[in-house]
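S.K.: next come a sequence and a model predicted from it.
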Amino acid sequence: MVRLQPDPFLNELTSMFERTTEKGSVWVTLKHSSDKSKVQRNKMATAGEEIEYRCLVRATDGKKNISTLVGAKDHQKFQASYATILKARMTALKKRERKDKRKAAEASTASDNKKHKGTKKRSSASKP
């Protein structure tokens, strides 16, 4: 897996999306990470040092894997750029068909009325 700086990562992610426009998928995962081993974190904790956590972002198209670490300072800028890329590249998604709220409410009440019409209530007093 290739570890890149945030800006080259976004450029490579864009090219991954371009390669998979006709056929294929791109998987992106985000993970909370300190980039230190468990032993190193334990040593730092016992020494009283503060552990800096970052966001590990990984992307793959099945053939190529890339990753980057984003610190707290660069997080807002990275997320804005990442959101722009996603909005631009998700053109193949279909729009959801929305129903009118009034029509949906009328349809559900009409179906409820049909269910209750066929059933008769019997009282316990009418038994012979």
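M.R.: Yep, it's here.
S.K.: hmm, residue 27 and residue 17 touching each other?
M.R.: No. Using CB atoms under 8 Å, residue 17 is not in contact with residue 27; the gap is 11.7 Å. Heads up, the C-betas are built off the backbone N, CA and C, glycines and all.
S.K.: the two: who's more crowded?
M.R.: Taking neighbours as other CB atoms under 10 Å, residue 17 and residue 27 compare with residue 17 leading, 18 against 11.
S.K.: do you know the pLDDT at that one?
M.R.: Predicted confidence (pLDDT) for residue 17: 90.
S.K.: contacting residues for it?
M.R.: By CB atoms under 8 Å, 6 or more residues apart in numbering, the contact list for residue 17 reads 26, 85, 89.
S.K.: tell me which element it falls in.
M.R.: Using DSSP states H and E, residue 17 sits in helix 6-19.
S.K.: and the angle from the helix or strand following that helix to helix 6-19?
M.R.: The helix or strand immediately downstream of helix 6-19 is strand 27-33, counting by DSSP H and E. Inter-element angle recorded for strand 27-33 and helix 6-19: 160 degrees (by axes from the mean of the first three to the mean of the last three CA atoms, to 10 degrees).
S.K.: just the C-alphas of strand 27-33, formatted as CSV.
M.R.: In CSV, the C-alpha atoms belonging to strand 27-33 read as follows (Å, rounded to 0.1, in the frame of the first residue of the first chain):
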residue,chain,number,x,y,z
TRP,A,27,-13.7,1.6,-1.9
VAL,A,28,-12.7,4.3,0.6
THR,A,29,-12.3,3.6,4.3
LEU,A,30,-11.5,6.0,7.1
LYS,A,31,-10.0,4.9,10.4
HIS,A,32,-8.9,6.5,13.7
SER,A,33,-5.2,5.8,14.0
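S.K.: so what does it touch, helix or strand wise?
M.R.: strand 54-60 (3 or more CB pairs under 8 Å, 6 or more residues apart in numbering; DSSP states H and E).
S.K.: partners of the helix or strand just after the strand it packs on in the sheet?
M.R.: The first helix or strand that comes after strand 54-60 along the chain, using DSSP H and E, is strand 65-70. Using DSSP bridges, strand 65-70 pairs in its sheet with strand 2-4 (parallel), strand 54-60 (antiparallel).
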